[in-house]
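Asks: Build the 3D model from these lines:
(chains A and B)
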Amino acid sequence: MLKINVTSLNNVSAYMKDEIEVGDLIERLTGEYKPTALMKIGESFHAVLESPYSYYDKAKSLYVCGGYEFTVSDVLHASKVIPQEAIYELSVDKIYSVNGHDILVTARVDAIYGRYIYENKTTFSTFSFDRYYDSMQWRYYLDMMDGERIYYNIFCMKEPLEDSRLVTLRSIERFYFKPYPSLADDIKSNLSDFITVIEDIGIKDRFECI
Amino acid sequence: MKIVKANEVIDVSTLNILIYGEPGSGKTSLACTASNPLILDFDNGAHRSAFRKDTLIIDTWASIVNEAKEFYDIISRYDTIVMDTVDTCLDYIGVYIVSQDPKLAKNKLQFYGRLKDEFTNFINRLKTMKKDIIMVAHVKEKDEGDARIKRPAITGGSYDRVLQVADQVGYLYIENKNRVLNFDPNEFWIGKNSAGIPQQNIPNFVEDQTYMDSLIKKMRDKLCGDVIKQQEAIKTVSEYQSKVIKANSLEELNNIIQEIKGFSEAIKRQIWVKVQEAGNRLGADFDKTSKQFIAKPLQNEEKAKPDK
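Replies: As a prediction, this is how the structure comes out:
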């Protein structure tokens, strides 16, 4: 059986659309995950949203996490788009059979409530709906969880100034996706691309699991 | 003002639909079969529609802003507002905001930010007035790897905003002399199908002059059904989570596992979080073969304890 996470499958999709080079793909599929400074800010904001009380700094009247600071009003504003009763950080997996291979696909969803899935993203660049629409992530999440909708909460942030650790929220963009009839075919096609790519590059053994 | 919290269900009262297609595919005529429509004709092309309804020709955004009261008075008399085309509407907004603040012409980022705000405010105002909105757009093709994909012809940064605000995005095309409307995304075109509407073979507009009205009603019903399903799912999760918390024996816990077997993955996973906690509380291990919780074997020390 092969084992792969949804993030890597999304990279395969980007490679097939000529959005990334083969070198980048190999690095992303086989390299160690090294978050950039901006990704670390996103992770910190994420952590604050999931458990605000753990990160509140009374003396500063700010939320502080990973060395970055967030204002109370920004955190409150962002918290309103996530249901408080949701289950957070849920690990999910599903076995797909494609071209004679069993593939165990794994993922970690940000939050789930009823049959709605919530995915929180931070961005420091201009918001692009296309970027999320094109992604395989929501397609896998809906299929793996048999979800009714997946909501994306995009927190558009402003980078901290050079001498500051304060990160502020510019805006929140929100939209959702739903399953569609050829969703399963799109997933199958992506998994088939994945098998072809790892066989062509000669890295299939890295994805073998018992 | 009523705040709708993230966990509350939002009433699906108005819909925002984007229809795009080749010239002559019948986009405007299709939109004209919606309930009591008003065409906002930004392209000066509504006269080409064989089934044209009441039309307001708009040649500058300033005319809407400067005569807002009269404009929204007119809007209030109609049920469906057709923006024909949304791309030209955005062009007009662009010209207007630059005329108000010429510095925007040199700052693309700020320009699109302001454009987005002006457009969103307009859409929100129409929604507040309980109007369904049909945005009409032409089609263009975009290279994606080896494939070419059809998408609405909306320029620059506004494209993202239009797709984001639309509940449904449908591609209208002609196949074997028949008009076909498809909302499902696929490898050939962009689509968005929040209501799960199957591919539509559009009837002759003479025979069915209320076609879009019926379709919008179907969409609304489907989206409301979706919301009801979500309410039921929340109720099921909550009931079973309480049941799990109250479970005092492995037998009770294993019975619950049997009961939730047929539930959707999303519901099952949420209940399962509590099932695992209950398993730990009852000192049990989950046996993957039997898919049941079984009592943990006694520790060696405990086994060795002599009977008193």
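Asks: For stretch B:28-46, give the mean pLDDT please.
Replies: In this model, stretch B:28-46 has a mean pLDDT of 90.
Asks: Please disregard the earlier target; I meant stretch B:54-65.
Replies: Throughout stretch B:54-65, pLDDT has a mean value of 93.
Asks: repeat for stretch A:129-149
Replies: Rounded mean pLDDT across stretch A:129-149 is 92.
Asks: again, but for stretch A:179-191
Replies: Here the average pLDDT along stretch A:179-191 is 90.
Asks: Show me which residues of that stretch are buried.
Replies: Buried residues in stretch A:179-191, counted by 16 or more other CB atoms under 10 Å in any protein chain shown: A:179, A:180, A:183, A:186, A:187, A:189, A:190, A:191. All C-beta atoms are positioned from the backbone trio N, CA, C, and that covers glycine.
Asks: can you give me phi and psi for residue 106?
Replies: You didn't pick a chain, so chain A it is. Dihedral pair for residue A:106: phi -120, psi 150, per degrees, to the nearest 10.
Asks: before we move on, what about residue B:291?
Replies: The phi/psi pair for residue B:291 (degrees, to the nearest 10) is phi 50, psi 40.
Asks: so can I have TSV of the buried residues of stretch A:179-191 showing secondary structure and distance to chain B?
Replies: Formatted as TSV, those follow (DSSP: H, G, I helix; E, B strand; the rest coil; distance: CB to the nearest CB, whole Å):
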residue	secondary structure	distance to chain B
A:179	coil	8
A:180	coil	5
A:183	helix	9
A:186	helix	8
A:187	helix	13
A:189	helix	8
A:190	helix	11
A:191	helix	15
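Asks: if we take those, which one ends up nearest to residue B:214?
Replies: Of all these, residue A:180 has the smallest distance to residue B:214: 21.4 Å, by CB to CB.
Asks: which stretches of the stretch 101-250 of chain B have low pLDDT?
Replies: The stretch 101-250 of chain B contains residues with pLDDT under 70 at B:145.
Asks: what are the ranges of the helices in it?
Replies: Using DSSP state H, counting those that start in this stretch, the helices of the stretch 101-250 of chain B run over B:108-128, B:158-165, B:211-246, B:250-260.
Asks: can you list the weak-confidence ranges in chain A?
Replies: Counting by pLDDT under 70, chain A shows low-confidence ranges at A:32-33, A:210.
Asks: For it, which segments are assigned as strands?
Replies: Taking DSSP state E, the strands of chain A run over residues A:2-5, A:56-57, A:62-65, A:68-71, A:87-98, A:101-113, A:116-123, A:149-158, A:168-177.
Asks: Which residues outside the fourth one are in contact with it?
Replies: So the one you mean is strand A:68-71. For strand A:68-71, the external contacting residues (CB atoms under 8 Å, 6 or more residues apart in numbering or on different chains) are A:40-41, A:44-45, A:48, A:57, A:60, A:62-64, A:160, A:165-169.
Asks: Give the closest residue to the residue in the stretch 51-200 of chain B that chain A sits nearest to in space, chain neighbours not counted.
Replies: Residue of the stretch 51-200 of chain B nearest chain A, by CB to the nearest CB: residue B:160 (3.7 Å). Leaving out its chain neighbours, the residue that sits closest to residue B:160 by CB to CB, 6 or more residues apart in numbering or on different chains is residue A:129, at 3.7 Å.
Asks: With residue B:89 instead?
Replies: Nearest to residue B:89 is residue B:42, by CB to CB, 6+ apart, at 4.7 Å.
Asks: separation between that neighbour and residue B:81?
Replies: Distance, residue B:42 to residue B:81, using CB to CB, to the nearest Å: 12 Å.
Asks: Over to residue B:96?
Replies: Counting by CB to CB, the separation of residue B:96 from residue B:81 is 19 Å.
Asks: Residue A:139 now?
Replies: Residue A:139 sits 32 Å away from residue B:81, going by CB to CB.
Asks: what about the strands of chain A, which gets the closest to residue B:104?
Replies: Minimum separation from residue B:104 across the strands of chain A (CB to CB) falls at strand A:168-177, 17.2 Å.
Asks: so how far is the closest one off the chain centroid?
Replies: Strand A:168-177 sits 15 Å away from the centroid of its parent chain (CA atoms, centre = their mean, to the nearest Å).
Asks: and residue A:4, how many neighbours does it have?
Replies: 21 (other CB atoms under 10 Å in any protein chain shown).
Asks: wait, residue B:175
Replies: As a burial measure, residue B:175 scores 9 neighbours (other CB under 10 Å).
Asks: So what sits opposite it in the bridge?
Replies: Residue B:175 has these beta-bridge partners by DSSP bridges: residue B:178.
Asks: ok, now which ones touch residue A:42?
Replies: By CB under 8 Å, 6+ apart, the neighbours of residue A:42 are A:121, A:122, A:155, A:157.
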